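1. one predicted model, sequence on top.
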Amino acid sequence: MSKKINNKKIDLFKKVKFLILDVDGVLTKGEIIYDDKGRELKIFNVKDGLGIFLLDKVGIKTVFLTAKSSVVVRRRAQDMHVSEVIGGILPKESVLSKISSKYKVNPENICFMGDDLIDIGLMERVGIAVTVSDAPQMVKKYASYVTAKGGGQGAVREVVELIFRAQHLEERVIEIVKSPRK
């Protein structure tokens with residue numbers, strides 16, 4: 001992560017207590033691969049995955065919110081200790097009150113990462129709206145922060161590291177990774 005990010009941008013992430021992630025175009029490059037049997041394949045960034053796993057370890061929950069339900073996404077979420085996968089939902093903002101109530105988190109303490117037009121409604125209703133560098137310009141207008149990296153290329157990890165930095169969690173995270181896994 002670049003040290004050139006100014007403190008004002010880092011301060012945005014001080015209040016994050018919960019992370020909602022779109023999947024296609026955020027956790028992936030936005031490509032869907034079908035094999036010759038019609039099975040869907042997706043490529044996820046391992047660094048994003050470790051970041052999400054570590055967020056859970058420091059008490060910041062993550063939910064995947066995607067317009068399309070997918071077994072592949074549920075499998076990856078399980079690997080990363082994601083709290084919930086909500087799929088097949090449009091408009092995405094329609095589940096914000098449910099998420100807020102279920103996880104006892106105020107929308108102003110929620111960070112949402114989306115990458116396309118169907119994400120704008122939710123971006124407008126959360127405390128920190130993030131989009132990826134390869135998102136359309138129309139989406140970037142609604143973002144509090146635009147990542148330096150593209151979707152599926154470490155953009156989520158970039159945001160996770162900003163959360164760690166803003167909340168002074170870096171030392172705790174190092175201790176977690178140095179400790180034996182239970």
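-> Sure thing, it's come through. Numbering: from 1, shown residues only.
2. CA only for contacts and neighbour counts going forward, please
-> Will do.
3. distance check, the residue nearest the centre of the chain against residue 34.
-> The residue at the geometric middle of the chain, judged as the C-alpha nearest the mean C-alpha position with Cα atoms, centre = their mean, is residue 21 (3.5 Å). Summarising the geometry, the distance separating residue 21 from residue 34, computed by Cα to Cα, to the nearest Å, is 23 Å.
4. same thing with residue 178?
-> For residue 178, the distance to residue 34 (Cα to Cα) stands at 38 Å.
5. repeat that for residue 62.
-> Between residue 62 and residue 34 the computed distance is 27 Å (Cα to Cα).
6. ok, back up a step: doesn't residue 114 make contact with the residue nearest to the centre of the chain?
-> Yes. Counting by Cα atoms under 8 Å, residue 114 is a contact partner of residue 21 at 6.6 Å.
7. out of everything not next to it in sequence, what's closest to residue 119?
-> Leaving aside its chain neighbours, residue 119 sits nearest to residue 92 (6.8 Å; criterion: Cα to Cα, 6 or more residues apart in numbering).
8. ugh, wrong one, I meant residue 89
-> Sequence neighbours aside, residue 67 is the residue nearest to residue 89 in space, at 5.0 Å (criterion: Cα to Cα, 6+ apart).
9. could you point out which element follows the host helix or strand of residue 75?
-> Secondary structure assigned from DSSP states H and E places residue 75 in helix 71-80. Beyond helix 71-80 in the direction of the C-terminus, DSSP H and E gives the next helix or strand as strand 84-87.
10. partner strands of that following strand, with direction?
-> strand 61-66 (parallel) (DSSP bridges).
11. the inter-axis angle of the partner strand versus helix 71-80?
-> Our comparison of strand 61-66 with helix 71-80, counting by axes from the mean of the first three to the mean of the last three Cα atoms, to 10 degrees, yields an angle of 170 degrees.
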